[in-house]
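1. sequence first, predicted model second:
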Amino acid sequence: MERLTKFLQHSYLSLLARVTPPEVDPNSEEADDIARLLNLALLAVPVLAGFVAEFAFFGIWQLALSLALAGVVMVASPWIYWKSASLAVARESFLISLFVFKLFESMFLASVSSPGSMWFIAMPTIAILLGSVLSGVCWLGITTASLLVLYHLYGGTVSMFGNVQQNMDFMYTFSMIFLSVGIVCFVAMVDASRKKAFRRLQDANAVIRQLAIRDPLTGIFNRRYIWERMQEEEQGAQGNAGTFHICLIDLDRFKQINDTMGHAAGDLVLQAVAKSIQSEVREEDCFGRYGGEEFILILKSCDSFNPGAFAERIRQRVAALSLGELGAKIQVTVSMGIAQFRHGESFSETINRADSALYTAKASGRNRVVSAEAAPLPLSA
Ligand SMILES: Nc1nc2c(ncn2[C@@H]2O[C@H](COP(=O)(O)OP(=O)(O)OP(=O)(O)O)[C@@H](O)[C@H]2O)c(=O)[nH]1
């Protein structure tokens with residue numbers, strides 16, 4: 001039993017993964033709607049089979065065949081979505097085929113209170129649950145109009161003082177319309193509050209995500225996020241998506257600042273340096289706090305980009321920082337080590353080479369950029 005459950009679960013999840021386009025966020029509302037469309041199509045399989053069998057059992061082949069035809073479209077709705085990339089197209093294909101069959105069934109049975117017309121309630125509800133209130137309202141209009149037409153064609157005459165039996169068709173039509181309106185309003189309200197809760201959850205998740213990936217002192221990315229990004233960059237570079245450089249940036253003699261001006265002043269310096277470097281960083285790059293008074297930059301390489309010159313610009317910008325708010329004239333400088341990711345190595349090896357270059361920068365006098373690939377860059381200041 002457990003193996004069967006696992007097998008079914010696995011089959012369902014792989015089917016869902018096949019239907020859902022890779023660009024759709026699995027936590028989005030769209031992904032939710034796609035899952036609901038798939039669930040509906042799967043649920044339709046036994047329901048349709050049951051009804052086709054029922055019609056066949058009673059020898060009503062016209063209904064059995066037409067339901068089988070409509071059923072093919074309903075069950076194929078996830079495939080229609082997959083092909084058209086439009087949830088609206090898939091949803092409306094499902095609803096139109098269900099509606100056409102139910103209308104045919106009602107007309108075939110020549111009755112407004114046939115089992116077919118009862119299903120009209122389902123269509124607006126399905127439309128809302130598949131993500132569109134507008135479609136639900138349209139289907140409410142269509143099914144109400146259909147009920148009135150069916151009543152006009154097959155309903156009995158209303159008799160003001162007749163007995164209940166005589167007015168059954170009218171009562172049925174009246175109840176169906178009001179029940180449909182009531183159910184649609186209720187489902188729309190439930191759906192609205194579900195969407196609101198979903199949005200709140202998404203907002204909360206976004207806040208949690210930011211807290212998880214940002215350094216609380218400087219607001220820039222933390223080491224955990226940088227690690228994730230480096231893994232992605234490494235995979236991209238190994239797969240020939242272009243290489244990247246890693247640049248380690250370390251504040252010079254920061255301990256002295258802490259010791260002479262206090263830890264709080266040291267924190268302000270870290271914030272100011274992070275802010276000034278962040279303002280230089282391109283959108284495609286990634287800048288974060290590596291730990292303590294050390295920062296890290298992942299720089300995407302391209303033909304027109306010179307990482308050495310870029311790092312030198314950052315060094316000069318930090319050296320030119322004026323930290324008047326600290327009440328004392330202090331000069332902050334950084335040393336930087338830069339290394340290019342090489343095919344076949346891991347990103348931690350690239351970091352190690354950048355670290356050695358940084359060590360060279362510190363050992364050769366600080367306030368300079370050293371590339372792991374070449375001799376120390378000349379200090380241009
Ligand atoms: N204010 C503050 N200080 C920090 C923080 N994280 C690390 N530090 C301090 O950074 C200092 C790092 O000192 P060292 O590793 O000796 O390096 P340094 O003084 O910058 O010297 P060099 O790197 O050799 O130029 C230590 O005093 C740490 O306490 C922080 O979040 N806030």
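-> That came through, no problem.

2. and the strands in the protein?
-> For the chain, strands defined by DSSP state E occupy the ranges 244-251, 286-291, 294-300, 334-340, 369-371.

3. so which bits of the stretch 251-381 of the chain are right by the ligand?
-> Counting by C-beta under 6 Å from any ligand atom, the residues of the stretch 251-381 of the chain lying close to the ligand are 251-255, 258, 263, 266-267, 270, 292-293, 362, 366. Where C-beta positions appear, they are placed from N, C-alpha and C, glycine not excepted.

4. how about the nearest residue to whichever residue of the stretch 101-250 of the chain sits closest to the ligand, chain neighbours excluded?
-> In the stretch 101-250 of the chain, the residue found nearest to the ligand is D250; the distance is 5.2 Å by C-beta to the nearest ligand atom. Residue nearest to D250 in three dimensions, not counting chain neighbours: E294, with 4.8 Å by C-beta to C-beta, 6 or more residues apart in numbering.

5. I'd say F287 and I277 touch.
-> Yes. When contacts are counted by C-beta atoms under 8 Å, F287 is listed as touching I277 (6.2 Å).

6. mean pLDDT and mean neighbour count added to the strands of the chain, as a markdown table?
-> As requested, these are exported to a markdown table (pLDDT from 0 to 100; neighbours: other C-beta atoms under 10 Å):
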| stretch | mean pLDDT | mean neighbour count |
| --- | --- | --- |
| strand 244-251 | 95 | 24 |
| strand 286-291 | 94 | 21 |
| strand 294-300 | 94 | 23 |
| strand 334-340 | 95 | 25 |
| strand 369-371 | 94 | 26 |
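
7. dump those strands to CSV, plus distance to T350.
-> Shown next, in CSV, are these (distance: least, C-beta to C-beta, whole Å):
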stretch, distance to T350
strand 244-251, 5
strand 286-291, 13
strand 294-300, 10
strand 334-340, 5
strand 369-371, 12
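
8. so what's the residue count around F58?
-> Residues contacting F58 under the criterion other C-beta atoms under 10 Å number 10.

9. so what's the residue nearest to R366 when sequence neighbours are not counted up against?
-> Using C-beta to C-beta, 6+ apart and skipping residues adjacent in sequence, the residue nearest R366 is D252, 4.3 Å away. By C-beta atoms under 8 Å, 6 or more residues apart in numbering, D252 lies in contact with 332-335, 362, 366-367.

10. joint contacts of F287 and I277?
-> Common neighbours of F287 and I277 (C-beta under 8 Å, 6+ apart) are 295, 297.

11. and E232, how far from N27?
-> E232 sits 19 Å away from N27 when distances are taken as C-beta to C-beta, to the nearest Å.

12. who's more crowded, these two?
-> Set E232 next to N27 and count neighbours by other C-beta under 10 Å: E232 wins out with 14 against 11.

13. which one of the strands of the chain lies closest to E349?
-> For E349, the closest of these is strand 334-340, at 8.9 Å, according to C-beta to C-beta.

14. in its sheet, what does the closest one sit against?
-> strand 244-251 (antiparallel), strand 369-371 (parallel) (DSSP bridges).

15. tilt between that strand and strand 294-300?
-> If you take axes from the mean of the first three to the mean of the last three C-alpha atoms, to 10 degrees, strand 334-340 sits at 40 degrees to strand 294-300.

16. quick check: domain ranges of the protein?
-> 2-207, 223-371 (automatic domain parsing).

17. which one of these is the most hemmed in?
-> Most buried of the domains of the chain, by mean neighbour count (mean count of other C-beta atoms under 10 Å): domain 223-371, with a mean of 17.

18. between the two ends of it, what distance do you get?
-> 22 Å (C-alpha to C-alpha, to the nearest Å).

19. and stretch 147-167, by the same measure?
-> 16 Å.

20. what is the mean pLDDT for it?
-> Across stretch 147-167, pLDDT averages out at 75.

21. in this structure, where's the longest helix?
-> When the chain is parsed with DSSP state H, its longest helix is helix 168-213.

22. please state the offset of that helix from the chain centre?
-> Distance of helix 168-213 from its chain centroid, counting by C-alpha atoms, centre = their mean, to the nearest Å, is 20 Å.

23. same check on stretch 346-362?
-> Centroid separation for stretch 346-362 versus its chain: 36 Å, with C-alpha atoms, centre = their mean.

24. can you check stretch 122-133 too?
-> The mean C-alpha position of stretch 122-133 is separated from the chain mean by 22 Å, C-alpha atoms, centre = their mean.

25. contacting residues around that stretch?
-> Taking C-beta under 8 Å, 6+ apart as the rule, stretch 122-133 contacts 29-30, 33, 36-37, 40, 87-88, 91, 94-95, 98-99, 135-140, 142-143, 180, 183-184, 187-188, 191-192.

26. low-confidence ranges in the protein?
-> By pLDDT under 70, the low-scoring segments of the chain are 157-166, 240-241, 325-328, 374-381.
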